[in-house]
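> take this sequence and fold it.
(one chain, ligands or ions: 1)
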Amino acid sequence: MKTGKLTVGDKEIELSVKVGTENEIGLELGKLRKETGVITLDPGFVNTGSTESAITFLNGEEGVLRYRGYPIEELAANCDFVEVCYLLIYGDLPTETELENFRDSIRAHTMLHEDIRSFYNGFPRDAHPMAILSSVVCALSTFYQDALDVDDEDQVNTCVHRLIAKLPTIAAYSYKKSVGQPLIYPRNDLNYCENFLQMMFAVPTEPYEMDPDFVQALNLLLIVHADHEQNCSTSTVRMVGSANANLFASISAGIAALWGPLHGGANEACVAMLERIIEDDCNVKKYVDMAKDKSDSFRLMGFGHRVYKNYDPRALIIKKACDKLLSKMDRDDPLFDIAQSLEEVALNDPYFVERGLYPNVDFYSGVIYRAIGIPVQMFTVLFAIGRLPGWVAHWTEMHKSPSARICRPRQIYTGPGAREFVSIAHR
Ligand code: CMC
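Numbers count the residues shown, from 1 in each chain. Next comes the predicted model:
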């Protein structure tokens, strides 16, 4: 198909068609209003492609996810997270030298400016770490004012490396502050995941011994979260970036979007739900019935997805890793058991089957985070660390695109018509 035709009233217009690598077809509607006077209306962007993109492919009907052409299953089995960051941001898997240079550069930026440490005293002890993460990331733009030119490739690249290096440090500090422990400096002799775990759990008084299984599990979780094309937070990063806002400000906005329980916050909400079910005599059926009841706002957290109408491939990878980690630790987690029962009941229920509702990435991730000792409030923070390379890749792709324009949707106004102003004395 090369063109499509659209009839609006008595006008028929011809629209160009964009065909993607995997034969996805998009009708180009940019000229619709100019030629017919009408706009398209698509709340929630259910049927709207906001951009072309060469970063991630996903097919929700078949449960396929690929970063830069590579299946997620292969990347999860063979790569480390820093390698996947390189792939997403620069477009290809790195050679050994490229990867070593990239790692060196990331290592060189892991520390935070000492003045940033004092910010942590200003937040309440019980502040949500996502609020801290978003604030401190935005504040980085005040410390690196010499590198904020969005059109300067070298400056942008430096900001990218700073962000990837510093996000785990910012995140771990927020946790340390919440438990009243000293902030632990990064250690550049450790790898990315090891370094994060030592900043989270080491204390100055005792040696910290790291479990390699925890490092491996964390690495896998970061990889499966690394990108997911035009999701809510990524679209936010692109939208804020489309105004030429600097990278720190754009990523800070993405973190805020990710915090929502319908998006990245679902992992935290899912664990809260599983705990509630356990406290309620493990009555799985009751919660499945509540989720089906349209008069009840309760939803199964970690279930359903805008794009996947099949099993989320990330959930499959995480579930397997969960099983492996828990049996290796010889640990029975009632949360994992309940999650599996809930999945079984839901997947055999016509309500879920008819709507194509399956476990998503957030359904089992909390169980692994718990197993490696990550506190619940930090779950979405881990999602943010994982998603960072995806946000960065999309921000830079947008800036390099010759067709990039400021994102500015239209609306159908439904408020009052023009009315005469009434002075306050006569209202
Ligand atoms: N529990 C019960 N019913 C559901 C659920 C659920 N979790 N999700 C969707 N439905 C129903 C919904 O009520 C609707 O039914 P009907 O057709 O009778 O009105 C139908 O399924 C379609 O749902 P929708 O709300 O129109 O779908 P959406 O694409 O707008 O929303 C979603 C997608 C992910 C926000 C939604 O499935 C949801 O709220 N899930 C729970 C939160 C969650 O797990 N979010 C994480 C998403 S994956 C990771 C990420 O993006 O960060």
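> what are the boundaries of the helices in the stretch 1-150 of the chain?
With DSSP state H, counting those that start in this stretch as the criterion, the stretch 1-150 of the chain has helices at 32-36, 72-78, 81-90, 96-107, 114-122, 129-143.
> for those helices, which one sits closest to Gly60?
Proximity to Gly60 (C-beta to C-beta) singles out helix 72-78 among those, at 13.6 Å. (Glycine included, C-beta is placed from N, CA and C.)
> most neighbours per residue, which of the helices of the stretch 1-150 of the chain?
Mean neighbour count (mean count of other C-beta atoms under 10 Å) peaks for helix 81-90 among the helices of the stretch 1-150 of the chain, with a mean of 23.
> which strands and helices sit next to that one?
strand 64-67, helix 96-107, helix 153-178, helix 192-201, helix 212-224, helix 379-400 (3 or more C-beta pairs under 8 Å, 6 or more residues apart in numbering; DSSP states H and E).
> which stretch among these comes nearest the ligand?
Proximity to the ligand (C-beta to the nearest ligand atom) singles out helix 379-400 among the helices and strands packed on helix 81-90, at 7.1 Å.
> buried sites along that closest one?
Under the neighbour-count criterion of 16 or more other C-beta atoms under 10 Å, helix 379-400 has 379-399 buried.
> for stretch 5-21, same thing?
6, 13, 15.
> and these as CSV, adding pLDDT and distance to Leu274?
Formatted as CSV, the buried residues of stretch 5-21 follow (pLDDT from 0 to 100; distance: C-beta to C-beta, whole Å):
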residue, pLDDT, distance to Leu274
Leu6, 91, 47
Ile13, 91, 52
Leu15, 91, 47
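> contacts only, for the nearest residue to Glu98 once chain neighbours are set aside.
Once flanking residues are discounted, Glu98 sits nearest to Tyr86: 7.0 Å by C-beta to C-beta, 6 or more residues apart in numbering. By C-beta atoms under 8 Å, 6 or more residues apart in numbering, the contact list for Tyr86 reads 93-94, 98-99, 102.
> farthest pair within these?
Leu93 and Phe102 (11.5 Å).
> the residue in the stretch 251-400 of the chain positioned nearest to the ligand and Leu140, how far apart?
Residue of the stretch 251-400 of the chain nearest the ligand, by C-beta to the nearest ligand atom: Gly304 (2.5 Å). Per C-beta to C-beta, to the nearest Å, Gly304 is found 35 Å from Leu140.
> same question for Asn23.
41 Å.
> what's the answer for Arg238, then?
Where Leu140 is concerned, Arg238 sits at a distance of 19 Å (C-beta to C-beta).
> what of Ala269?
As defined by C-beta to C-beta, Ala269 lies at a distance of 28 Å from Leu140.
> ditto for Pro204
Counting by C-beta to C-beta - Pro204 and Leu140 are separated by 26 Å.
> isn't His225 right next to Val361, touching?
Yes - the pair His225 / Val361 is scored as a contact, 6.8 Å apart, by C-beta atoms under 8 Å.
> joint contacts of the two?
Arg314.
> quick one: distance of stretch 61-73 to the chain centre.
Remark: stretch 61-73 is offset 16 Å from the chain centroid, using C-alpha atoms, centre = their mean, to the nearest Å.
> hey, C-alpha coordinates of it in CSV?
Extracted in CSV, the C-alpha atoms of stretch 61-73 (Å, rounded to 0.1, in the frame of the first residue of the first chain):
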residue,chain,number,x,y,z
GLU,A,61,-0.1,-9.7,19.5
GLU,A,62,2.9,-12.1,19.2
GLY,A,63,4.7,-11.0,22.4
VAL,A,64,7.9,-9.9,20.5
LEU,A,65,10.4,-7.3,21.9
ARG,A,66,13.7,-6.4,20.2
TYR,A,67,16.2,-3.6,20.9
ARG,A,68,17.9,-2.5,17.7
GLY,A,69,16.8,-5.7,16.1
TYR,A,70,18.1,-8.1,18.8
PRO,A,71,15.5,-10.2,20.7
ILE,A,72,15.2,-9.3,24.3
GLU,A,73,15.7,-13.0,25.3
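> find the closest residue to the ligand in the stretch 1-150 of the chain.
With C-beta to the nearest ligand atom, the shortest gap between the stretch 1-150 of the chain and the ligand falls at Gly44, namely 5.9 Å.
> for that residue, which non-adjacent residue is spatially closest?
Arg306 (8.0 Å).
> just give me the neighbour total for Met210.
Using other C-beta atoms under 10 Å, Met210 has 14 neighbouring residues.
> what sits against it?
Counted by C-beta under 8 Å, 6+ apart, Met210 has contacts 194, 197-198.
> what's the helix or strand for it?
Under DSSP states H and E, no helix or strand contains Met210.
> and for Asn310?
Using DSSP H and E, Asn310 falls outside every helix and strand.
> show me what contacts it?
60-63, 356, 358.
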